[in-house]
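S.K.: Any chance you could fold what I've pasted below:
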Amino acid sequence: MRFYEPDISATSVGSTYTLNPENSHHLSHVLRAKIEDEVTVFNGKSGEFKATISTIDKKSVSLKVLSFSTINRTRPRPVDLVFPLSANTKMSFIIQKATELAVSNLYPIQTEFGQKQLHSHNKQSRLRYQKIIIAAAMQSGLNVLPCCHTPCQVQDLPWSIWAQSTKVVCHPSSQSTNSHDHPDRVIWFVGPEGGWSDAEITFFEEKKCDFRILAPTLLRMETACVAALSQQV
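M.R.: Numbers count the residues shown, from 1 in each chain. Predicted coordinates for the structure are as follows:
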């Protein structure tokens, strides 16, 4: 049993920690946990805590925090994903699977042939996607939550930060041989099902991006995201 608790810290080891109301309810009423059952807790920043249940009350569950491990299950180097705004079901799927694949950053963007515009992403959307990230991290064992950034135009992405990074654009009809032996970060760009526009391709070329064909077939956007994050660069 794994639970996300953003307030737990190294100072909690050896002491008692009370789970938040939502986790307490799920542990006691849904999972029917018992005293001395083992629980893993993570704060989304680093590592995980091993604990046992010490008390179960009507509205709260308290843990005895036994130890802290620095294990994060992250990648050896950060991998970011840039993908178009799309329908909620596709967005949710991409965010869930990218989290399971230990992505570091998610950058939704508005594209010329995409389905959604920037104004479609609101506070409610951000809260929903954060819940998806937390649930996927709980399930997959990831201890560092990826950041889902505010949607933007492609030119407003953090290009200066990515200067020394490998930037790979997924494009079914173009491929280059550019490569970096030891990039500090890898950024994947997955386009909409309508494809990248000519202007977007020219922009990527000006930013010295590489291009890669992921498969001999045309992939759905969400399939391409999973395939890209499974590639070795």
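S.K.: elements contacting the longest helix anywhere in the chain?
M.R.: Longest helix in the chain, counting residues (DSSP state H): helix 123-140. Judged by 3 or more Cβ pairs under 8 Å, 6 or more residues apart in numbering; DSSP states H and E, the packing partners of helix 123-140 are strand 2-4, helix 88-100, strand 147-148. The way it works is simple: take the backbone N, C-alpha and C, and place the C-beta from them, glycine included.
S.K.: list the buried ones in that helix?
M.R.: 125, 129, 132, 133, 134, 136, 137, 138, 140 (16 or more other Cβ atoms under 10 Å).
S.K.: what about the fifth one, distance to residue 39?
M.R.: Distance, residue 134 to residue 39, by Cβ to Cβ, to the nearest Å: 16 Å.
S.K.: Find the centremost residue of the protein, please.
M.R.: Nearest to the mean C-alpha position of the chain, by Cα atoms, centre = their mean, lies residue 99 at 3.4 Å.
S.K.: Setting the sequence-adjacent residues aside, check what's closest to it.
M.R.: Residue nearest to residue 99 in three dimensions, not counting chain neighbours: residue 136, with 3.8 Å by Cβ to Cβ, 6 or more residues apart in numbering.
S.K.: go on, residue 139?
M.R.: residue 100 (7.3 Å).
S.K.: neighbours around the one you found, how many?
M.R.: 16 (other Cβ atoms under 10 Å).
S.K.: my read: it touches residue 138, true?
M.R.: No - counting by Cβ atoms under 8 Å, residue 100 stays clear of residue 138, with 10.7 Å between them.
S.K.: could you pull out the helices for this structure?
M.R.: Secondary structure of the chain, counting by DSSP H: helices at 21-25, 88-100, 123-140, 198-206, 221-229.
S.K.: Adding mean pLDDT, write those helices out as JSON lines.
M.R.: Putting the helices of the chain into JSON lines (pLDDT from 0 to 100) gives the following:
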{"stretch": "helix 21-25", "mean pLDDT": "96"}
{"stretch": "helix 88-100", "mean pLDDT": "96"}
{"stretch": "helix 123-140", "mean pLDDT": "95"}
{"stretch": "helix 198-206", "mean pLDDT": "95"}
{"stretch": "helix 221-229", "mean pLDDT": "96"}
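S.K.: in this protein, what spans have low per-residue confidence?
M.R.: The chain contains residues with pLDDT under 70 at 119-120, 174-182, 233.
S.K.: Domain map for it?
M.R.: The record's domain split for the chain, according to automatic domain parsing, is 2-69, 79-229.
S.K.: Which residue is the nearest non-sequential neighbour of residue 197?
M.R.: residue 112 (4.0 Å).
S.K.: sorry, that was for residue 130
M.R.: Nearest one to residue 130, counting by Cβ to Cβ, 6+ apart, is residue 148 at 6.9 Å.
S.K.: Same question for residue 45.
M.R.: Using Cβ to Cβ, 6+ apart, the closest residue to residue 45 is residue 144 (6.5 Å).
S.K.: Confirm for me that that neighbour is in contact with residue 70.
M.R.: No - counting by Cβ under 8 Å, residue 144 stays clear of residue 70, with 11.0 Å between them.
S.K.: which residues are in contact with both of the two?
M.R.: Shared contacts of residue 144 and residue 70, defined by Cβ atoms under 8 Å, 6 or more residues apart in numbering, are found at residue 46.
S.K.: Give me the neighbour count for residue 39.
M.R.: Around residue 39 there are 23 residues (other Cβ under 10 Å).
S.K.: Tell me the bridge partners for residue 82.
M.R.: residue 107, residue 189 (DSSP bridges).
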